[in-house]
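Student: Let's see this in three dimensions:
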Amino acid sequence: MTLLTLFTAPKPFTDPHIATIQRNAIQSWLHLGSDVEVIMIGEEDGMAETAVELGVLHLPEVARNAQGTPLVSSIFSQARQHSSGQLLGYVNADILFTPESVNVCRKVCAQAEKFLIVGQRWDLDVRFPLDFNTGWDERLLSDVHQRGRLHPPGGSDYFVFPSQCYREVPDFAIGRAGWDNWMIYEARRMGWNVIDATGDLVIVHQDHDYRHLPGGQAHYRLPETAENLRLAGGRRTIFSLKDASHRLENGQVKSIPIHGQKLLRELETFPLVRLHSLSLAELSFALFHPVKAWGEWRGRVQYLLKKRWK
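Tutor: Purely as a prediction, here's the structure:
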């Protein structure tokens with residue numbers, strides 16, 4: 001059995017820069033060794049030709065929403081059906097992995113049964129095809145050390161988990177905000193270890209703009225993001241890396257100490273994580289963030305009034 005199946009739903013390969021960074025990313029995965037297999041899902045322009053050229057399994061059939069955006073549920077289902085991996089890993093198609101990621105997976109598997117590996121990314125401006133000859137990973141890490149910027153612990157760009165996890169995923173729109181936060185929330189709700197691997201694993205994001213999205217808007221401003229948020233269960237399910245339960249330190253999975261701000265956050269999310277109650281979560285949020293809660297409540301009332309009197 002393969003250790004890890006990496007799967008992705010790339011953007012169209014029509015924009016020269018997007019095509020370059022996506023090809024870089026996929027080739028980096030293909031250079032991780034025989035314990036890793038790669039799957040591309042979707043039928044965006046240029047994907048079939050790229051899959052043939054790089055020798056990657058291509059699954060064109062994927063369910064889409066009314067706007068034509070592929071659904072996360074379908075992507076995960078397709079990957080699971082065609083995977084031989086002990087672990088599954090969804091990765092955004094602009095993310096570079098190095099062979100150390102395989103070592104990290106092995107170490108975590110030896111210490112935990114059900115888990116989610118996530119982490120912060122390093123942003124890097126990459127304009128040309130990468131050279132994958134011997135020593136490519138050392139050259140990449142050196143470049144990251146010189147020019148890279150550690151991204152804040154907001155959105156997540158990769159998720160690695162055992163194949164028995166995430167068998168039921170809502171019909172989120174891929175590439176829109178909210179669903180990545182739900183991945184962390186769901187793992188915490190299910191009692192799996194959410195492992196922040198930032199300290200042990202350098203994951204590289206190649207810079208790009210938002211020209212590929214409708215109107216060139218950032219993904220969190222699109223109507224599909226609002227639908228993702230609804231499917232996730234609302235604003236209270238917006239979890240981030242700060243909600244991880246464990247971290248990886250020198251290959252060891254360790255519980256994150258609960259004190260200070262971490263303690264307050266754990267108390268705030270207790271109704272969701274342990275009691276599975278959205279109603280109590282709203283009450284808890286109001287107790288911890290009264291000003292924000294009042295603003296949200298007022299906004300909802302104003303929206304309903306406007307809708308009623310249209």
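Student: list the buried ones in the host helix or strand of residue 180?
Tutor: Using DSSP states H and E, residue 180 sits within helix 179-190. For helix 179-190, burial by neighbour count (16 or more other Cβ atoms under 10 Å) applies to 179, 180, 181, 182, 183, 184, 185, 186, 187, 188, 189. All C-beta spots, glycine's among them, are computed from the backbone N, C-alpha and C.
Student: try stretch 242-257
Tutor: Neighbour-count burial for stretch 242-257 [16+ other Cβ under 10 Å]: 243, 244, 245, 246, 247, 248, 253, 256.
Student: Then stretch 15-25?
Tutor: Neighbour count says stretch 15-25 has 15, 18, 19, 20, 21, 22, 23, 24, 25 buried, by 16+ other Cβ under 10 Å.
Student: Which residues does it contact?
Tutor: By Cβ atoms under 8 Å, 6 or more residues apart in numbering, the surrounding residues in contact with stretch 15-25 are 8, 10-13, 46, 50, 54, 91, 93-96, 126-130, 206, 208, 211-212.
Student: Residue 207 against residue 122, yeah?
Tutor: No: in this structure residue 207 lies outside contact range of residue 122 using Cβ atoms under 8 Å: 10.8 Å.
Student: what about those two, which has more around it?
Tutor: Per other Cβ atoms under 10 Å, whichever of residue 207 and residue 122 has more neighbours is residue 122, with 21 against 13.
Student: Mind pulling up the pLDDT for the nearest residue to that one once chain neighbours are set aside?
Tutor: Of all residues not flanking residue 122 in the chain, residue 148 sits nearest, at 4.1 Å (Cβ to Cβ, 6 or more residues apart in numbering). pLDDT recorded at residue 148 is 96.
Student: mind listing what residue 148 touches?
Tutor: With contacts defined as Cβ under 8 Å, 6+ apart, the neighbours of residue 148 are 122, 123, 124, 204.
Student: these two touch, right, the second one and residue 207?
Tutor: It refers to residue 123. Yes: between residue 123 and residue 207 there is a contact at 5.9 Å, judged by Cβ under 8 Å.
Student: Does residue 194 belong to a helix, a strand or coil?
Tutor: Assigned by DSSP: H, G, I helix; E, B strand; the rest coil, the conformation of residue 194 is strand.
Student: Look up how far residue 136 lies from it.
Tutor: Applying Cβ to Cβ, to the nearest Å, one obtains 31 Å for the distance of residue 194 from residue 136.
Student: the more surrounded of those two?
Tutor: When residue 194 and residue 136 are compared for neighbours, residue 194 comes out ahead with 24 against 17, by other Cβ under 10 Å.
Student: wait, what's in contact with the more buried one?
Tutor: Each residue near residue 194 by Cβ under 8 Å, 6+ apart is listed here: 115, 116, 118, 184, 187, 188, 243, 244, 245, 246.
Student: Buried residues, the longest helix along the chain. List them.
Tutor: Taking DSSP state H as the criterion, the chain has its longest helix at helix 290-308. By neighbour count on 16+ other Cβ under 10 Å, the buried set for helix 290-308 is 293, 296.
Student: Run through who's touching that helix.
Tutor: Outside of helix 290-308, the residues within contact range by Cβ under 8 Å, 6+ apart are 235, 282, 285, 286.
Student: The second one against residue 233, yeah?
Tutor: No: counting by Cβ under 8 Å, residue 282 does not reach residue 233; the two are 10.9 Å apart.
Student: those strands in the chain, which residues are they?
Tutor: For the chain, applying DSSP state E gives strands covering 2-8, 36-41, 57-59, 85-91, 95-96, 115-118, 122-124, 149-150, 158-162, 193-196, 204-206, 246-249, 252-255.
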